[in-house]
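S.K.: model the following, please.
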Amino acid sequence: MLAELLALEKIIEQGGARLDVQVVRTVSLASGQRFPVYAIGVGNPAPDAPAVGFFGGVHGLERIGAEVVIAYLQNVVMRLQWDTTLHQQLEQVRLVFMPIVNPGGMWAATRANPRGVDLMRNAPVDAVDPVPPGIGGQRLSDRLPWYRGRQGEPMEEESQALCEVVQEQLLPRPFSIALDCHSGFGVKDRLWFPYAHTRKPIPHLAELHALQEIYLQAHSHHQYVFEPQSAQYLAHGDLWDHLYLQACQTAPAHTFLPLTLEMGSWLWVKKNPRQLFSRNGIFNPLINHRQQRVLRRHLSLLDFLARAACSHVLWVPPPEQRAQRRADALAAWY
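M.R.: Here you go, the predicted model:
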């Protein structure tokens, strides 16, 4: 059994009736093993309440992403027992957790799902600008990394599960944020926003710039680089591009801000070079105290996003300020 899945199910048991728990898919492996894909909700279920979705484990090899989301869910569940301020917050906001999107990939310690498909290259979105070979997504073979799946086939079960949760629990709301937690071979922790399929700026650039500003006001000493994913590389099939484009088309009056936390795993390798000889070590801290430090390091970010969504009416730029905000964002990021 997956240690992360056991930890998640223990938290679900501790949360009891306070949590709305759904098994959105059951993933079966060739060996006969079966893993549930959970979505957990807490807080105000009203369709007009703002919401934040926290996602992890999309790439099975990047276990630390799932562990960050699980750690924050545990923080919320434990505080429900005594924290009246949290209860007041949850009267105004909905929190949605999907900590282990790709349990089969986590079990096999692979980036892809058990069918060899990279879920973050699996959406029906083709890049309009050139992508780097390989990393941008390929359809040659599931034996090579960054495989998109066969042309014309439905998205993978895990991809569909993530999209369904976002479509049902985030997109119908007037305001929502998503945070997808990954680790990457870099020296900095980065917060990416769409697009990945083009260098064109997204329509909600003003809102993202305002979100960055209030984060910097509250956390003057921080480790994150805010930037569009296109500043690093372009890719086919990005799930968040797919969902963001869908949100803009189906509910243009709503605001949906998808973010990706790309934790810089080189920070852990630099302190423990032996991790280079372990596939898990390239993407995850292997020493226990470093793992605990990473979990603590990002807890405040997830809590900030919950508070920001709850109070979005106080910081989202009004119509008369959006043009200037967008100009400032273009100057900063493009």
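
S.K.: OK, contacts around residue 4?
M.R.: Residue 4 makes contact with 57, 63, 66, 67, 70, 99, 100, 106 under the criterion Cβ atoms under 8 Å, 6 or more residues apart in numbering. In short, each C-beta sits where N, CA and C put it, glycine included.

S.K.: what is the nearest of those to residue 125?
M.R.: Of all the contacts of residue 4, the one with the least separation from residue 125 (Cβ to Cβ) is residue 57, at 21.4 Å.

S.K.: how far away is the closest one from residue 242?
M.R.: Relative to residue 242, residue 57 is positioned 19 Å away (criterion: Cβ to Cβ, to the nearest Å).

S.K.: comparing these two, which residue is more hemmed in?
M.R.: Residue environment comparison for residue 57 versus residue 242 gives the larger neighbour count to residue 57, 32 against 22, counting by other Cβ atoms under 10 Å.

S.K.: next one, pLDDT for the closest residue to that one other than its chain neighbours please.
M.R.: Spatial nearest neighbour of residue 57, excluding adjacent residues (Cβ to Cβ, 6 or more residues apart in numbering): residue 66 at 3.6 Å. In the prediction, the pLDDT value recorded for residue 66 is 97.

S.K.: let me know the secondary structure of residue 66.
M.R.: Using DSSP: H, G, I helix; E, B strand; the rest coil as the criterion, the local structure at residue 66 reads helix.

S.K.: from residue 101, how far off is it?
M.R.: The separation that residue 66 has from residue 101, given Cβ to Cβ, amounts to 8 Å.

S.K.: ok, now residue 214?
M.R.: Following Cβ to Cβ, the distance that separates residue 214 from residue 101 is 28 Å.

S.K.: between these two, which is the more surrounded one?
M.R.: residue 101 (31 against 16).

S.K.: please list all residues in contact with that one.
M.R.: Taking Cβ under 8 Å, 6+ apart as the criterion, residue 101 is in contact with 37, 55, 56, 57, 58, 119, 158, 161, 162.

S.K.: same question for residue 191.
M.R.: Residues counted as contacts of residue 191 (Cβ under 8 Å, 6+ apart) are 224, 225, 226, 227, 259, 260, 261, 262.

S.K.: in which helix or strand does it reside?
M.R.: Mapping residue 191 onto the secondary structure by DSSP states H and E places it in strand 189-193.

S.K.: look up how far residue 93 lies from residue 66.
M.R.: For residue 66 relative to residue 93 (Cβ to Cβ), the value is 23 Å.

S.K.: thinking again about what came up before, thought the residue nearest to residue 57 was touching residue 99?
M.R.: Yes. Using Cβ atoms under 8 Å as the test, residue 66 is close enough to residue 99 to be in contact (5.0 Å).

S.K.: between the two, which contacts overlap?
M.R.: Overlap between the contact sets of residue 66 and residue 99, as judged by Cβ under 8 Å, 6+ apart, is given by 4, 56, 57.

S.K.: could you export those residues to CSV, including columns for secondary structure?
M.R.: Listed next are these as CSV, based on three-state DSSP:
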residue, secondary structure
4, helix
56, strand
57, coil
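
S.K.: now, among those, which is nearest to residue 328?
M.R.: Of the shared contacts of residue 66 and residue 99, the one sitting nearest to residue 328 (Cβ to Cβ) turns out to be residue 56, at 31.5 Å.

S.K.: which residues does the closest one bridge with?
M.R.: Note on residue 56: beta-bridge partners residue 181, judged by DSSP bridges.

S.K.: what about it, neighbour count?
M.R.: By other Cβ under 10 Å, 30 other residues sit near residue 56.

S.K.: show the pLDDT at it.
M.R.: Residue 56 is assigned 98 on the pLDDT scale.

S.K.: how close does it sit to residue 262?
M.R.: 13 Å.

S.K.: how long is stretch 142-150 from one end to the other?
M.R.: Taking Cα to Cα, to the nearest Å, the span from the opening residue of stretch 142-150 to its closing residue is 9 Å.

S.K.: off-centre distance for that stretch?
M.R.: Taking Cα atoms, centre = their mean, to the nearest Å, the mean C-alpha location of stretch 142-150 is offset from the chain mean by 21 Å.

S.K.: which positions within it qualify as buried?
M.R.: Counting neighbours by 16 or more other Cβ atoms under 10 Å, one finds that the buried residues in stretch 142-150 are 142, 145, 146, 147, 148, 149.

S.K.: over to stretch 292-308?
M.R.: For stretch 292-308, a neighbour-count test (16+ other Cβ under 10 Å) marks 294, 295, 298, 301, 302, 304, 305, 306, 308 as buried.
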